[in-house]
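> fold the following.
(chains A and B)
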2 protein chains.
Amino acid sequence: MNKIITIGREFGSGGREFGRRLAEELHYEYYDKEIITEIAKHTSLSEEYIKQVVECKPHHLYPITIGHSINFVESYQVNQIQQIFEAQCEILKNLAMKSNCVIVGRCADYILKDFHPFRIFVYANIDSRIKRCMERKEEDENYTYAKWKKKINKIDSNRAKYYGFYAEAKWGDKTNYDLCINTTDTNIKEIVPVIAKIFKD
Amino acid sequence: MNKIITIGREFGSGGREFGRRLAEELHYEYYDKEIITEIAKHTSLSEEYIKQVVECKPHHLYPITIGHSINFVESYQVNQIQQIFEAQCEILKNLAMKSNCVIVGRCADYILKDFHPFRIFVYANIDSRIKRCMERKEEDENYTYAKWKKKINKIDSNRAKYYGFYAEAKWGDKTNYDLCINTTDTNIKEIVPVIAKIFKD
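So this is what the prediction gives:
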């Protein structure tokens, strides 16, 4: 059976970078945003819409179809959301069967439970996460500390709702993971080779 | 500065064995029950009494002095508890200054925070912990599943109270640790050399 590592992560903890570097270090495949692209191909829905769905709790989404009764709109939307989740499950299972891999987010720990993935959760204190976001400066570079804090909490709240909805478990609760790694004040580039040793023979 | 690894652990998770084996693997000193013996030497109190104090929340202890007014008894007892904690702090700091070491329990992560210890928390699901206790059979070998469950929960509740009282933080909350390791259905002997790699150059 292939070796599957799933990464859950708090926003700003460096979890995505951790996953990418871990995959590089181990010569495993790495999947993150690629999964959204695959779902789009499977469902004929736009990547933007899929991203919106997988980052929010389903019933918080706004209707995207108008001109029908609310019930019809809601039912149509629920079907789409279900369709996206089913596509995601299928894609993840196919990837898991293909080769050793690191998968970031996407409830992969839950969806792939029959593949016995090694489940990592990456977290850090709020100051460290805000600092990391500010240093990254990829987007929203003019955000203040307070604005970053609000954004981080909002994103994590959505992740928790999404995970709670599908996995029926508490996102970030250590009992759902094999290893929880605190990245407060650490350099991801430096800790990855250290953690990677765990997976090397 | 010496390398200090502190281990917090749920009862039955194999945390103590984990700490002992990790120390062996790394050739670090290992401290666990030895600390109680040292406190006894420092305070002239019995090891049994000290053990009772460090495993319970202070105000849950029964008076050990009788024949005085309750207030006097309580005040006397509070002084002893304080004396034990102060001795514990002094001993732990001396040990941390002496050599690289692994310390199990004793709020060491909190007491030694100025030494920047690497803080590990070891946990497992309840079934796995009960199974481990039953297999160990060092004591209470005739306990039923239900009785073990009750005992485990009681001990962990006391640990949480003790930690909460002194460290003013939530025992077992991942934010207080650098690494949280789930030992559910794992063999401690097998995982220690893997985790030890993290600490080897």
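
> strands along chain A, start to end?
Secondary structure of chain A (DSSP state E): strands at A:4-9, A:29-31, A:101-104, A:118-123, A:179-182.

> adding distance to B:Gln83, write the ones you listed out as TSV.
In short, each C-beta sits where N, CA and C put it, glycine included. Shown next, in TSV, are the strands of chain A (distance: least, Cβ to Cβ, whole Å):
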stretch	distance to B:Gln83
strand A:4-9	44
strand A:29-31	55
strand A:101-104	51
strand A:118-123	37
strand A:179-182	33
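
> surely A:Arg9 touches A:Phe121?
Yes. Judged on Cβ atoms under 8 Å, A:Arg9 makes contact with A:Phe121 at a distance of 6.9 Å.

> how many other residues sit next to the closest residue to A:Ala96 other than its chain neighbours?
Distance criterion Cβ to Cβ, 6 or more residues apart in numbering or on different chains; nearest residue to A:Ala96, sequence neighbours excluded, is A:Phe115 at 4.7 Å. Look at A:Phe115: counted by other Cβ atoms under 10 Å in any protein chain shown, it has 16 neighbours.

> quick one, what contacts A:Phe115?
A:1-2, A:4, A:93, A:96 (Cβ atoms under 8 Å, 6 or more residues apart in numbering or on different chains).

> again with A:Ile36
Contacts of A:Ile36 (Cβ under 8 Å, 6+ apart): A:47, A:50-51, A:54.

> what of A:Phe11?
Neighbours of A:Phe11 in contact, by Cβ under 8 Å, 6+ apart: A:129, A:133, A:151-152, A:155-156, A:159.

> restricted to buried residues, select those in ChimeraX.
Remark: buried members of those, expressed as a ChimeraX selection using 16 or more other Cβ atoms under 10 Å in any protein chain shown:
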select /A:129,133,151,152,156,159
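
> flag the shaky bits of chain A, pLDDT-wise.
A:56-74, A:137-141 (pLDDT under 70).

> distance of the closest residue to A:Lys197 other than its chain neighbours relative to A:Tyr143?
Nearest non-adjacent residue to A:Lys197, counting by Cβ to Cβ, 6+ apart: B:Lys197, 3.9 Å away. Counting by Cβ to Cβ, to the nearest Å, the separation of B:Lys197 from A:Tyr143 is 38 Å.

> got it, and A:Met97?
For A:Met97 relative to A:Tyr143 (Cβ to Cβ), the value is 41 Å.

> of these two, who's got more company?
Taking neighbours as other Cβ under 10 Å, A:Met97 and A:Tyr143 compare with A:Tyr143 leading, 16 against 11.

> isn't the more buried one right up against A:Met134?
Yes. Using Cβ under 8 Å, A:Tyr143 and A:Met134 qualify as a contacting pair, with a distance of 7.4 Å.

> same for the helix of greatest length in chain A, what does it pack against?
Ranked by residue count under DSSP state H, the longest helix found in chain A is helix A:70-98. Contacts defined by 3 or more Cβ pairs under 8 Å, 6 or more residues apart in numbering or on different chains; DSSP states H and E place helix A:70-98 against strand A:29-31, helix A:34-43, helix A:47-54, strand A:101-104, helix A:108-111.

> buried sites along that helix?
Buried-residue list, helix A:70-98, by 16+ other Cβ under 10 Å: A:73, A:77, A:80-81, A:83-85, A:87-89, A:91-92, A:95-96.

> list the buried ones in stretch A:167-178?
Applying 16+ other Cβ under 10 Å to stretch A:167-178 flags A:167, A:171-172, A:174, A:176-178 as buried.

> should've said stretch A:119-127
Under 16+ other Cβ under 10 Å, the buried positions of stretch A:119-127 are A:119-124, A:126.

> go through these and name the one nearest chain B.
A:Tyr123 (6.4 Å; Cβ to the nearest Cβ).

> any idea how far A:Gln88 is from that closest one?
Taken as Cβ to Cβ, the span from A:Tyr123 to A:Gln88 is 23 Å.

> show me which residues of chain A sit near chain B.
When proximity is defined as Cβ under 8 Å from any Cβ of the partner chain, chain A approaches chain B at A:121, A:123, A:125, A:172, A:174-175, A:177-182, A:194-195, A:197-198.
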